[in-house]
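Asks: need a structure here:
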Amino acid sequence: MNGHSILKYVFFDIIRNKWLVIYTAVLFALCSGIIYLSRDETKSIASILNIVLIIVPLVSIIFGSMHFYNSKEFIQMLLTQPVKRSAIFKAEYTGIAISLSFGFIIGAVTPLLFTGISKAIFLLLFAGIFLSLIFSAIAFYFSISIDEKVKGIGILLFLWLFFSVLFDGIILLFYLMFSDYPLEKFTIFFTLLNPVDISRIMIILNLDLSALLGYTGATFLKFFGSASGLIITIVSLCLWVIIPVFLANKKFKRKNF
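Replies: Next comes the predicted model:
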């Protein structure tokens, strides 16, 4: 048995999971309904974006953690085989990340293709895949670190709530407290610390809806709208994948199952 065989088994096991099918079907139904009712590509993508930024991180965190906790006996069996721990981890993580990415593509992106191909659709695809990879990696790290299933999932749900809702509230509170000071660099720096915000801003700016970002819209447009800003955005999202995966792999190698 090798890493490729494990990946193949994990992938086909996950895509048969009823919850992944439900996730894909719900996304497809919601996105198709939005497109049918709005009949405007820009409005459709903006509405679908709001759904994606909530559902994709939530499902990736829950599905990723549940898969790891439920696969512990299978992982223990694999550890008795002549297979490197890093190969087992990579197969498990890659299997869940690819499966969730496929679910997102079929559910959220496929309906949009019927309206035509555009840069905004490509960016939505890009953001959704990265969010699936990022939050799956975060789910694996905390699931490996915390043996108690309920405690681990509870902490992960709090992290989802923090990135999706609380983070923006904290930033807004900071704005109100220090409104007399120049906060442009602060705004950009802290935006890069939240993959959900990075994805939101990247797509909104390319839909020419920067007014939705409030008085910080001009700052975001100047930075993220430039070539250097786009490169920094891509690098930031890549780091958001690489760092949790690296830490989770390191923790997995040392964990006593």
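Asks: quick one, what contacts the closest residue in space to Leu156 that isn't next to it in sequence?
Replies: Spatial nearest neighbour of Leu156, excluding adjacent residues (C-beta to C-beta, 6 or more residues apart in numbering): Ile61 at 4.7 Å. (Glycine included, C-beta is placed from N, CA and C.) Counting by C-beta atoms under 8 Å, 6 or more residues apart in numbering, Ile61 makes contact with 135-136, 138-139, 156-157, 159-160.
Asks: Quick one: the helices in the stretch 151-257 of the chain, in order.
Replies: 167-177, 184-191, 195-206, 217-224, 227-254 (DSSP state H, counting those that start in this stretch).
Asks: now the longest one against helix 195-206, angle please.
Replies: With axes from the mean of the first three to the mean of the last three C-alpha atoms, to 10 degrees as the basis, helix 227-254 and helix 195-206 are set at 160 degrees to each other.
Asks: What residues sit buried inside helix 227-254?
Replies: Neighbour counts using 16 or more other C-beta atoms under 10 Å place 229, 232-233, 236-237, 240-241, 244-245, 247-249, 251-252 of helix 227-254 among the buried residues.
Asks: on that earlier part again, what's the least confident stretch among the helices of the stretch 151-257 of the chain?
Replies: If you rank the helices of the stretch 151-257 of the chain by mean pLDDT, helix 217-224 sits at the bottom with a mean of 60.
Asks: if we can go back for a sec, how close does the residue nearest to Leu156 sit to Leu30?
Replies: 19 Å (C-beta to C-beta, to the nearest Å).
Asks: Ok, Ile51 next?
Replies: Ile51 is 6 Å from Leu30, by C-beta to C-beta.
Asks: and if you look at Phe190?
Replies: 30 Å.
Asks: just to revisit the earlier point, the residue nearest to Leu156 sits in which helix or strand?
Replies: Assigned by DSSP states H and E, Ile61 belongs to helix 41-70.
Asks: any idea which helix or strand comes after that helix?
Replies: helix 72-79.
Asks: Show me which residues of that next one are buried.
Replies: In helix 72-79, residues buried by neighbour count (16+ other C-beta under 10 Å) are 75, 78.
Asks: Could you tell me the angle between the helix or strand where Ile96 lies and helix 41-70?
Replies: Using DSSP H and E, Ile96 sits in helix 85-104. Per the same axes, to 10 degrees, the angle that helix 85-104 makes with helix 41-70 is 140 degrees.
Asks: Tell me, please, the helix or strand in the chain that averages the lowest pLDDT.
Replies: helix 217-224 (a mean of 60; mean pLDDT, DSSP states H and E).
Asks: got the buried residues of helix 227-254 as CSV, with distance to Ile203 columns?
Replies: Shown next, in CSV, are those (distance: C-beta to C-beta, whole Å):
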residue, distance to Ile203
Gly229, 14
Ile232, 16
Thr233, 11
Ser236, 15
Leu237, 13
Trp240, 16
Val241, 18
Pro244, 22
Val245, 24
Leu247, 28
Ala248, 28
Asn249, 30
Lys251, 33
Phe252, 33
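Asks: Lovely, talk soon.
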